[in-house]
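> The following block contains a protein sequence and its predicted model.
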Amino acid sequence: MVCAGGEENGARLACRLQQAYGDFPILIITGGTSSDAVRLANERSYTLLQKPIAPDVLRRAIMTALAMAGSSSLPG
């Protein structure tokens, strides 16, 4: 999948970073529901959190992402 062109958004940036550094967990936090960023986030299976986010939901999402990162090598 090519993630270039158009306006920049968090999902496109995440896609470019994964292309450059390999696969790592991504959390996308948005207030939008029908944007290109949401579509791309869903296509790439990024964790998508809708604003407003309860602190416990955000904490669980971060802990899950960290656990996923711990089971694979991180870019760097």
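Thanks, I have the structure now.
> Residue ranges in this protein under the pLDDT threshold?
Counting by pLDDT under 70, the chain has low-confidence residues at 1-6, 34, 71-76.
> Going along the chain, name the helices of it.
10-21, 36-43, 55-70 (DSSP state H).
> thinking Ile62 is in contact with Pro25, fair?
No - at 9.3 Å, Ile62 does not count as touching Pro25 under the criterion of Cβ atoms under 8 Å. All C-beta spots, glycine's among them, are computed from the backbone N, C-alpha and C.
> sorry, back to before: save the helices of the chain as CSV, and put in mean neighbour count and distance to Thr30 too.
What follows is the helices of the chain, written out as CSV (neighbours: other Cβ atoms under 10 Å; distance: least, Cβ to Cβ, whole Å):
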stretch, mean neighbour count, distance to Thr30
helix 10-21, 16, 7
helix 36-43, 16, 6
helix 55-70, 12, 13
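> closest to Leu49 out of those helices?
helix 55-70 (5.9 Å; Cβ to Cβ).
> chain center to that closest one, what's the gap?
With Cα atoms, centre = their mean, to the nearest Å as the basis, helix 55-70 stands 12 Å off its chain's centre.
> Now for Leu48: which residues touch it?
28, 30, 38, 41-42 (Cβ atoms under 8 Å, 6 or more residues apart in numbering).
> what about the residue positioned nearest the centre of the chain, distance to Asn9?
By Cα atoms, centre = their mean, the chain has its centre lying nearest to Ile26, at 3.1 Å. For Ile26, the distance to Asn9 equals 12 Å [Cβ to Cβ, to the nearest Å].
> And for Ala37?
4 Å.
> can you check Met63 too?
Distance from Met63 to Asn9, by Cβ to Cβ: 25 Å.
> do Asp36 as well
Taken as Cβ to Cβ, the span from Asp36 to Asn9 is 7 Å.
> Then Gln18?
15 Å.
> ditto for Val38
9 Å.
> With Arg60 instead?
24 Å.
> can you check Cys15 too?
Taking Cβ to Cβ, one finds Cys15 at 10 Å from Asn9.
> Overlap in contacts, the two.
Joint contacts of Cys15 and Asn9 (Cβ under 8 Å, 6+ apart) are Leu40.
> my guess is Ala69 meets Asp23, correct?
No - in terms of Cβ under 8 Å, Ala69 does not count as a neighbour of Asp23; the distance is 9.9 Å.
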